[in-house]
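Enquirer: take a look and give me a structure for this.
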Amino acid sequence: KIARMRRTIVIGDIHGCFDELLELLDEVDIQPDDLLVSVGDLVDRGPVPGAVVRLFRERLNSVVVMGNHERKHVREIFSYAQEITRLQLGDRYAETVEWMRALPYYFENEHVRVVHAAMLSGVPLSHQREEILCGSTRGERELTALFPTAIGMSTTSMQSRWCSAIT
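Expert: So this is what the prediction gives:
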C-alpha cells in the first residue's frame, strides 16, 4: 500500500546502473515518504540489474511500469542484452521475470501520468495498446503508421533530442 507522499520522483531507463541510481536518489534527497516511480527499463545493459530491481521491490512507496526491456524478458524475446541480464541475475532470474509479469503498463494518480514510451491523445489509459505504452518494436511501428510525417524518427532518437533539449 502506498502511504501519503511528500513528492513524486519519476526516473527513466535505469538499465541496471545501480550506483548511478543511488547518486541520483542522493541528489534529489529522496525521503521515505516520497513516491519513487520508474518508467521501466530497470534491466539490460548495466552491471547490476539485480540490485536495481531489489531496490524497487523492497522500497515502500515505489512503482515500476512495464518498459520494453522488461517486456522482452516476460515474452522471452532474447537478444544479447537479455542474455547478459539472465546471467547477471543467475538463480534470481525466474522470480524476477515473474515479478515483471505483474508490472502495470501505466501509473496514474492525481499528480502524474506515467508510461514508458507513448500514449495516444484522447484515448483513456485503460484502452491504450500495451505495445505503444511500453515502446515495443511493434508499438513503434504502429505509431509510425499512425503519424508517418509527425515523427519521422525512432523513439530513441526522440528521447535523445528531448534529453539534449532540456540539459
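Enquirer: what about the spatially most central residue of the chain, which SS state?
Expert: Against the mean C-alpha coordinate of the chain, by C-alpha atoms, centre = their mean, the closest residue is G40 at 0.9 Å. Of the three states, G40 takes coil under DSSP: H, G, I helix; E, B strand; the rest coil.
Enquirer: could you do the one 10 residues further on as well?
Expert: Reducing the assignment at G50 to three states with three-state DSSP gives helix.
Enquirer: just give the closest residue to it, not the sequence neighbours.
Expert: Of all residues not flanking G50 in the chain, L89 sits nearest, at 5.2 Å (C-beta to C-beta, 6 or more residues apart in numbering). Using the backbone N, CA and C atoms, a C-beta is placed for each residue, glycine as well.
Enquirer: which strand or helix spans that neighbour?
Expert: Applying DSSP states H and E as the criterion places L89 in helix 80-89.
Enquirer: what about that helix, average pLDDT?
Expert: Average pLDDT, helix 80-89: 94.
Enquirer: so how far is that helix from its chain's centroid?
Expert: 17 Å (C-alpha atoms, centre = their mean, to the nearest Å).
Enquirer: can you tell me what sits against it?
Expert: Contact with helix 80-89 is made by 16, 43-45, 47-50, 69, 72-73, 78, 93, 96, as judged by C-beta atoms under 8 Å, 6 or more residues apart in numbering.
Enquirer: so which bits of that helix are buried?
Expert: When burial is assessed from 16 or more other C-beta atoms under 10 Å, helix 80-89 yields the following buried residues: 81-82, 84-86, 88-89.
Enquirer: same thing with stretch 45-62?
Expert: 45-46, 48-53, 55-56, 61-62.
Enquirer: most widely separated two among those residues?
Expert: Greatest spatial distance in the buried residues of stretch 45-62: R45 and N61, 26.1 Å, computed using C-beta to C-beta.
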